[in-house]
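J.: Structure for the following, please:
(chains A, B and C)
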Amino acid sequence: MAVDSTTADGAAVGLTQQGNYLTTGRGVLSWLFTLDHKRIGVMYLVAITSSFFLGGVFALLVRTELLTPGATIMTADTYNKMFTLHGAVMIFLFIIPGIPAALGNFVLPLMLGAKDVALPRLNLTSFWFWMIGAVFAVVSIIIGAVDTGWTFYTPYSTTTGTAVISMTLGVFILGFSSIFTGLNFIVTIHKMRPEGMTWFKMPLLLWGLYSTAIIQVLATPILGITLLLLVAERALGVGIFDPTLGGDPVLFQHFFWFYSHPAVYIMILPAMGIISELVSVFSGKHIFGYRFIAWSSIAIAMFSFLVWGHHMFTSGQSGITNMIFSALTFSVAIPSAVKVFNWLATMYKGSIRLATPMLYVLSFLFLFAIGGLTGLFLGALSTDIHLHDTYFVVAHFHYVMFGGTVIAFLGGIHYWWPKMFGRMYSERWGQVSALLVFVGFNLTFFTQFVMGSHGMPRRYYNYIEEFTALHQASTVGSYILALGFFIMAGYLIHSLFRGRPAPDNPWGSATLEWETTSPPPAGNFDCEFIAGDPYDLESLRYDPAIQGWVRKDPQSIILSQGGAH
Amino acid sequence: MSEHTENGVHIVSMRLLVGVMIALMFGTWLTVSVTHFDFGGFNIWIGLAIATTKAILVGLYFMHLRWDKPFNAFVFISAFAFLFLFIGFALMDTGHYQDILIPGWPLG
Amino acid sequence: MASQHHDDGHDPNLAHHFESPDQQRQASKLGMWLFLATEILFFGGLFVAYTVYRGNHPEVFIFGAHFLDTALGALNTVVLIFSSFTIAWAVRAAQLKQIKLLKWLIVATMLCAFVFLGVKYVEYSAKWKHGLLWAGSYNPHVDHDESFEVVEHETEIDAPGGEVEIEETDEVQHVAEGEIVEPVATEIVTEPIPAPADPDRSTIAPAARGPEGLAGPAPATDQDAIPVEPANAMVFFSIYFLMTGLHGIHVLGGIGAMLWLLKCLRRGDFDGGHFTKVDMVALYWHVVDIIWIYLFLLLYLID
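T.: As a prediction, the model looks like this:
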């Protein structure tokens, strides 16, 4: 139900006529010390978007260097730092926190009809840890950066003269941010579902966030100890990974990938959750195969712990280990495929609206399918021998991480933007930007599949002449991508000031976050809900007067009016 | 006799607390004494069995899992499960290539 | 339809986003168990390193464990078990609003924690004195300060043909069959130590017993010999310091948490029977205890 809340001074301020979470409480400190999950979500959004741009700058520098073989704009040592920082910033500052922190924090309690997450102070702590970790990372970049690759493999990482310790400490701290967010989401989903919302009546985004949270809680501590061991190795000469001290460098890889493989599912599971929400709404149809999608999220989380060795097929790992991991890797593709088929079935015979969020859904389906399928080439031992450490791998993971997670994230931004900020953005420019991103992305990365299968190694500064055309095409693609994002930033920021005020429910979704104003008041709701089917789109009708959707029977989901206490 | 707070939360009895502590002390004595005997390959497993029994006692009674929602115990046990998964694979893998390592390299 | 935040008579301890005290307590508890799961996995990484090393190089661990004092380890185990008892009792006291008892139980737990750290200090300083540190700083040697009883003037370890004495140290003396016998106060070893063949090698000669000054007297027969110091013996100490060091940091954290509890107690937070904070700290402390139970077994009781 829409709530008429007032600000402390009763004036109409901020982005909408009514007081809301953005306007209640002014000043920087009211944001930095807030316990409001929505504010924390917005701060995260700003933080990770900035990280995305920073990581993007490193990417553009890498691609520009690769316009010609040999030196183009930098030395080889600098190049090593550029691709390392691109990876480290994108992974640890942007994509791991990414969807859960920026969108999940905002949407999850609202979807539960709740007033906040279970542990708001922990939520704020989580954000502060992100900030502190980011400071360490930036300091590391300034004092000499890192040139080990984002994977920090020993023995190079224990012997290189670059700022490994400050970067790994930064990542260590960021790990806590991730753990606390995951912990908070698990507790919130377990303990704060409203009346009527059994596990199988939850929106699928919450299944996605829940599965992600399981991985965050179980896997990230291993990253923590791995990084701590690396720091100890450098600072104290501890010797766990150093062969001259009796250590085993392959053991580092086991430690590292035991976290980092599940980590990629931290990246993709929330994205899949977003797609489940969007595909249903913009096909005007109930999601197909709810239970299959829900269980496949849990299955992916579980399986993700069983396949880390597929990053190590050529590391000196034993043959039997290689075979086991290869077999398990093939099986982890299955639940993802289940989801893709269910989404397609949702679209089938639906009433498809090609609004900007839906353009991202379509992009996702295409790009994630390619990314997922190319993973199978890498999962097969025989082909991996040729493809490992080539551009094929680079293209594969960019298709799933960028073409998958980032595209879904953009879809989510465009979907929840009206709810978060109370404004509609320009649909025309949204479409232009989505097209530029799609074209730019494919030009950048499809060429890399070709290069990789022809033997172009990854992380190489120099290359033989025959790859020049492909590299140049890839770089042009990256510039088109940059243009697409630049335009996106433009119209989104413009909408904050000039966008049409958004109705409560602009898209016609039946989940609970649309039952409050856009943007919501500080307390979210003033009633308690009895939740129905989150995909029951028949319960809504379009109201042209407000250019939004309303419930046909608003009382059907209200349990009781008035705040909880 | 089962005490509860006003809100119905179970309170552990003194007898149980003292009893568990005594059991833990006994377990400690046992695990040290057992080192005087050599059971060959079983030594480590006996030690682990005693340690795990102690851990279970701490978990069930001191940490209240006996009377809590089972999910809390499930969370705790899952952590161990994933740990054993990691240990198992790491041990299997590293074990496999020990015999092809050059003896004494690189220390010569 | 203004939002209402405070109805009459609602519990000030109940946060605005929870519907009942029970929901709040259950949420805190689940949150703490999830955190403890992360602690298990965090330490677990070190247990993985331990397992892999010991599985592939058991001789390193058998050798290294000789330098740990089982008695001190057992003492620490007893101290932590007792502290788990006191903190578990403290939860009960908080539930029964026995504030004075609660205070003394928290203090008792903290004292146990300090004793634990004190014992660890004793152990660590003995190792430091003899250079038995992690790999990068591994430099086992006899220490020449006057706390030792010097029987005869001794020479450098790596000089050939010298007489060296062995003094009693705080270190163990292991009780397993067939290995070092109980130490006596002082002993002289007259067997010369051969110089190492390769100057680049470690200066610790692979003698039939451990580094001088640390082991007990030379055993009567070869069969009773301590194992030859293996290559990479230092890895044991790396793992020892990492595991007990990280554990010690967590003990410190626990002390901090208990100080916080005392502050809350003085503020009257527990007067009304709200015990959740005590419960949370207690759960953390029990995990610290559980981890030590395994550390004691795996580091000290290797035979």
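J.: The closest residue to chain B within the stretch 101-250 of chain C and A:Phe152, how far apart?
T.: Closest residue of the stretch 101-250 of chain C to chain B, C-beta to the nearest C-beta: C:Ala231 (5.4 Å). C-betas here are computed from N, CA, C, even on glycine. For C:Ala231, the distance to A:Phe152 (C-beta to C-beta, to the nearest Å) stands at 27 Å.
J.: Between the two, point out the one with more neighbours.
T.: Taking other C-beta atoms under 10 Å in any protein chain shown, C:Ala231 and A:Phe152 do not tie; A:Phe152 has more neighbours (22 against 18).
J.: The residue of chain A found nearest chain C: what's it in contact with?
T.: In chain A, the residue found nearest to chain C is A:Gly237; the distance is 1.8 Å by C-beta to the nearest C-beta. Contact analysis of A:Gly237 by C-beta atoms under 8 Å, 6 or more residues apart in numbering or on different chains lists A:Leu245, C:Trp134, C:Ala135, C:Gly136, C:Ser137.
J.: and the two most separated of these?
T.: Spanning the widest gap among the contacts of A:Gly237 are A:Leu245 and C:Ser137, at 11.1 Å by C-beta to C-beta.
J.: Counting neighbours, go ahead and name the busier of these two.
T.: Neighbour count, other C-beta under 10 Å: between A:Leu245 and C:Ser137, A:Leu245 has more, with 22 against 16.
J.: For that one, give me its contacts.
T.: By C-beta under 8 Å, 6+ apart, the neighbours of A:Leu245 are A:Gly237, A:Val238, A:Gly239, C:Ala135, C:Gly136, C:Asn232, C:Met234, C:Val235, C:Ser238.
J.: give me that answer again for 7 Å
T.: A:Gly237, A:Gly239, C:Ala135, C:Met234, C:Val235 (C-beta atoms under 7 Å, 6 or more residues apart in numbering or on different chains).
J.: Go ahead and confirm the third one touches C:Met234.
T.: Yes - because the distance of 4.3 Å satisfies C-beta atoms under 7 Å, C:Ala135 is recorded as touching C:Met234.
J.: residues bridging contact with those two, i.e. touching both?
T.: Taking C-beta under 7 Å, 6+ apart as the criterion, C:Ala135 and C:Met234 both touch A:Gly239, A:Leu245.
J.: Which positions in chain C make contact with chain A?
T.: Proximity of chain C to chain A, by C-beta under 7 Å from any C-beta of the partner chain, involves residues C:1-5, C:7, C:10, C:14, C:16-17, C:19, C:23, C:26-27, C:30-31, C:34-35, C:37-38, C:41-42, C:45-46, C:49, C:52, C:134-137, C:231-232, C:234-235, C:238, C:242.
J.: Got a PyMOL select line for the buried ones in those?
T.: Here is the PyMOL command that selects the buried residues among the residues of chain C next to chain A (16 or more other C-beta atoms under 10 Å in any protein chain shown):
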select buried, chain C and resi 3+17+19+23+26+27+30+31+34+35+37+38+41+42+45+46+49+52+134+135+136+137+231+232+234+235+238+242
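J.: Inside helices: which ones of the residues of chain C next to chain A?
T.: C:23, C:26-27, C:30-31, C:34-35, C:37-38, C:41-42, C:45-46, C:49, C:52, C:234-235, C:238, C:242 (DSSP state H).
J.: which stretches of the chain have low pLDDT?
T.: With no chain named, the answer covers chain A. A:1-18, A:563-565 (pLDDT under 70).
J.: you looked at the wrong chain, it should be chain B
T.: For chain B, applying pLDDT under 70 flags the ranges B:1, B:101-108.
J.: B:His4: what's it in contact with?
T.: Neighbouring residues of B:His4 by C-beta under 7 Å, 6+ apart: B:His10, B:Ile11.
J.: Please, where are all the helices along the stretch 51-200 of chain C?
T.: Assigned by DSSP state H, counting those that start in this stretch, the stretch 51-200 of chain C shows helices spanning C:58-65, C:70-95, C:99-129.
J.: Pipe those into a markdown table and attach mean neighbour count and mean pLDDT per row.
T.: Below are those laid out as a markdown table (neighbours: other C-beta atoms under 10 Å in any protein chain shown; pLDDT from 0 to 100):
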| stretch | mean neighbour count | mean pLDDT |
| --- | --- | --- |
| helix C:58-65 | 20 | 88 |
| helix C:70-95 | 23 | 96 |
| helix C:99-129 | 17 | 95 |
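J.: I'd like to know which of those is closest to A:Ala473.
T.: Of all the helices of the stretch 51-200 of chain C, helix C:58-65 comes closest under C-beta to C-beta, at 54.3 Å.
J.: which residues make contact with the closest one from outside it?
T.: Residues contacting helix C:58-65 (C-beta under 7 Å, 6+ apart): C:53-54, C:227, C:229-230, C:232-233, C:235-237, C:240, C:299-300, C:302.
J.: List only buried entries from these.
T.: Using 16+ other C-beta under 10 Å, the buried members of the contacts of helix C:58-65 are C:53-54, C:229-230, C:232-233, C:235-237, C:240, C:299-300, C:302.
J.: right, and out of those, which lies closest to chain A?
T.: Distances from chain A to those, taken by C-beta to the nearest C-beta, are shortest for C:Asn232, at 3.0 Å.
J.: for the closest one, what are its contacts?
T.: Applying C-beta under 7 Å, 6+ apart, the residues near C:Asn232 are A:Gly246, C:His57, C:Val60.
J.: and if you look at A:Thr64?
T.: Residues near A:Thr64 by C-beta under 7 Å, 6+ apart: A:Thr72, A:Ile73, A:Thr475.
J.: host element of it?
T.: Assigned by DSSP states H and E, A:Thr64 belongs to helix A:37-65.
J.: Can you point out the buried residues in that helix?
T.: A:37-45, A:47-49, A:51-52, A:54-56, A:58-65.
J.: Residues in contact with the helix or strand that comes right after that helix: which ones?
T.: Counting by DSSP H and E, the element after helix A:37-65 in chain order, helix or strand, is helix A:76-88. With contact meaning C-beta under 7 Å, 6+ apart, helix A:76-88 is reached by A:55, A:58-59, A:61-62, A:65, A:141, A:145-150, A:167, A:459, A:461.
J.: change it to 8 Å
T.: Contact with helix A:76-88 is made by A:55, A:58-59, A:61-62, A:65, A:74, A:137, A:141, A:145-151, A:162, A:167, A:171, A:459, A:461-462, as judged by C-beta under 8 Å, 6+ apart.
J.: Just the buried residues out of those residues, in ChimeraX syntax.
T.: In ChimeraX, a selection of the buried entries from the contacts of helix A:76-88 looks like this (16+ other C-beta under 10 Å):
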select /A:55,58,59,61,62,65,74,137,141,145,146,147,148,149,150,151,162,167,171,461
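J.: tally of neighbours for the closest residue in space to B:Ala73 that isn't next to it in sequence?
T.: Distance criterion C-beta to C-beta, 6 or more residues apart in numbering or on different chains; nearest residue to B:Ala73, sequence neighbours excluded, is B:Leu65 at 4.7 Å. By other C-beta under 10 Å, the residues close to B:Leu65 number 20.
J.: now do C:Val228
T.: Based on other C-beta under 10 Å, the number of other residues close to C:Val228 is 14.
J.: What is the lowest-pLDDT residue among the contacts of helix C:58-65?
T.: Minimum pLDDT for the contacts of helix C:58-65 is recorded at C:Pro227 (56).
J.: Can you show me the helices along the stretch 201-303 of chain C?
T.: In the stretch 201-303 of chain C, the segments counted as helices under DSSP H, counting those that start in this stretch are C:234-266, C:276-295.
J.: next one: the stretch 351-500 of chain A
T.: Taking DSSP H, counting those that start in this stretch as the test, the helices found in the stretch 351-500 of chain A are A:356-379, A:381-387, A:391-400, A:407-421, A:427-453, A:468-498.
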